[in-house]
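# Sequence and computational prediction follow.
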Amino acid sequence: KLQFLYFIGHLHYKMLSLTIGGMVVGFHTIHLRLNENVTKPSKEQIAWLDLEIGGMFNYGIGMPDAPWVPAGDDCCCGKQPPPAAGFNSTANITNWMEGLTSMGAKYSVFTVSGGCGYYLWDTSLKYPDGSPFNYTLSLSPHVQSKDLLADYVNLSKKNNIATGIYYQFAYNYWMGWQHGVMAPHGNGTPQLTPQEYFKLVEQATEELWGGKYGPWTEIWFDGGLQGWDNTSQAKIAQMMQDMQPQAVAFQGPTVTEAVRWIGNELGHAPEENYINAANSMDNGPGMFSGGIPAPAEADTPFASGIHTWWWAPGQTIKSVPELSTEYDNSVGHGANMLLGLTPDYSGNLPDYHMKRYVEFGSWIKDCYGTPAAEQKNIPMAGSIVLPVPQQSVDRLWIMEDITNGQVITSFSIELQVGGIWGVAVPWIFPCLIIGECAPKVWQPTSKVEPFFYGNSIGHKRIVKIGFNDTVPVIVSNVTAIRLNLTYTMQGFIRSFAAFNADGCKAQNYGGPPSVI
């Protein structure tokens, strides 16, 4: 077998493989991009990416239009936060765990204190004058448990759910801290200086991170430490490294174990989404080289319409086709999907929500649970061929071993149908011009061309067979799929798999968006 190389630019070469006897096997780009600054994610970041899908619980005194909120009160816009003793809801955390497990979530994030500043754990915090902190669950005579955080942790462990917490550092309407300035505060709160506020939050953080509840898998800062001085920011960063070194930090102050926001709440990560970013506040697609490892999280509400991060009457919940698209566009683009789960005023996840979680979880299992064909732990090569036992497929995934960083710089995919290599891209112009987007019948061609080109793989890349996500092409009698790679250093493909089209039809699960 003879092999010839020729230069095509920026240290990329083409390889012409010629089998003696005259048959040309093909041209493949090989991996000679050098001197890239490849950074390595930590084992904690990789383990977090492997969780893939989680749920965020927003629950507490600030639920919009709740019966315990007096008219005119609100945790916003200079209004008075609702009184602590009025909170009247019984959190059914067993029900919450059922919701998580039914949709296949592997982790969750619990909002222990949002913008209102109301604490859902048993705190011993005291103001500078020595008086006890007075905006907490323990002051309500209506609730049974005075420490919802402990209940959440205990039941999460029983259900094998990794735990995370959301504590809002950037604003606290009860204590009067709003995006970097002291502002009107809740009745009964002493007037605080910024430094006094920082000190109180440090003490609260010690309670949350000190070992009584953790260890945490993820800590949500949500907007970072807006308005905090450098010394106070450094103190929080050091506390996290000392007390919760295993936790990833969403928009946190540390340069290790960082997680960044994808930049929208639509459950959509860019197709070319990278593990690295300038820092944890660098929203968007990230970068291939440079910066720090900061994989992305795509948070998205379960409902659309008003107050979507909290339960409220009249909400429309998403359909399974909507949720499946968000899954493919987040997990399938190398990010984690964090879905907002919203207990109602009673503290339960509503029955119609639970039904949709089950439907969504069933779709994930049926679509991606059993590949039609799969290879694992494959050494990287210019081309990798996945034999397929003659099935109808409409998608595939590729998972890169990112232990040594993200090293694949580009890839393409070719299909073999009935033993013939060809191209499976529908003609795009009728769809764009007149809306005629019906998938085309597979037509083998004499010229072997990839049906898909991409750059980033990372943790996982889901590719649908078709020219976009809304028009997948179901191809029958697929006999092989070829993956062509360009990369900067030798590594492994963790998984290269194809999936049967029948299990991935999201329209077969549940009904349209529901309005209650």
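Sure, I can see it.
# In a helix, residue 129, correct?
No - when classified by DSSP: H, G, I helix; E, B strand; the rest coil, residue 129 is found to be coil rather than part of a helix.
# Residue 401 versus that one, what's the distance?
Noted for residue 129: a distance of 56 Å to residue 401, by CB to CB, to the nearest Å. The C-beta positions use only the backbone N, C-alpha and C, and glycine is treated the same way.
# who has more neighbours, these two?
Neighbours were tallied for residue 129 and for residue 401 using other CB atoms under 10 Å; the higher tally belongs to residue 401 (19 against 7).
# list the contacts for that one?
Remark: with contacts taken as CB atoms under 8 Å, 6 or more residues apart in numbering, residue 401 is in contact with 377, 491, 492, 493, 494.
# Same question for residue 104.
Applying CB under 8 Å, 6+ apart, one finds that residue 104 lies in contact with 53, 361, 364, 365.
# if we can go back for a sec, using a markdown table, lay out the contacts of residue 401 together with distance to residue 64, pLDDT and neighbour count.
As requested, the contacts of residue 401 are arranged in a markdown table below (distance: CB to CB, whole Å; pLDDT from 0 to 100; neighbours: other CB atoms under 10 Å):
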| residue | distance to residue 64 | pLDDT | neighbour count |
| --- | --- | --- | --- |
| 377 | 49 | 97 | 9 |
| 491 | 48 | 94 | 22 |
| 492 | 48 | 97 | 17 |
| 493 | 47 | 98 | 22 |
| 494 | 43 | 98 | 19 |
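# Any idea how many residues pack against residue 249?
Other residues within reach of residue 249 by the criterion other CB under 10 Å amount to 26.
# Return the backbone torsion pair for it.
When read as degrees, to the nearest 10, the backbone of residue 249 gives phi -120, psi 110.
# I figured it hits residue 257, correct?
Yes - the pair residue 249 and residue 257 passes the contact test of CB atoms under 8 Å, sitting 5.7 Å apart.
# ok, residue 344 to residue 267 distance?
Separation of residue 344 from residue 267 (CB to CB): 22 Å.
# From residue 104, how far off is residue 360?
From residue 360 over to residue 104 the distance is 8 Å, taken as CB to CB.
# Doesn't residue 96 lie inside a helix?
Yes - using three-state DSSP, the secondary structure at residue 96 is a helix.
# Hmm, residue 344 and it touching each other?
No - under the contact definition of CB under 8 Å, residue 96 does not touch residue 344, with a separation of 11.7 Å.
# more crowded one of these two?
Shown here are residue 96 and residue 344; by other CB under 10 Å, residue 96 has more neighbours (26 against 19).
# need the contact list for the more buried one.
Here residue 96 is in contact with 57, 108, 152, 155, 341, 343, 349 (criterion: CB under 8 Å, 6+ apart).
# do residue 217 as well
Going by CB under 8 Å, 6+ apart, residue 217 touches 48, 51, 107, 162, 163, 164, 246, 247, 248.
# Return the distance of the nearest residue to it once chain neighbours are set aside relative to residue 244.
In this structure, residue 217 finds its nearest non-sequential neighbour in residue 162, 3.9 Å apart by CB to CB, 6 or more residues apart in numbering. Residue 162 is 13 Å from residue 244, where distance means CB to CB.
# All set now, cheers.
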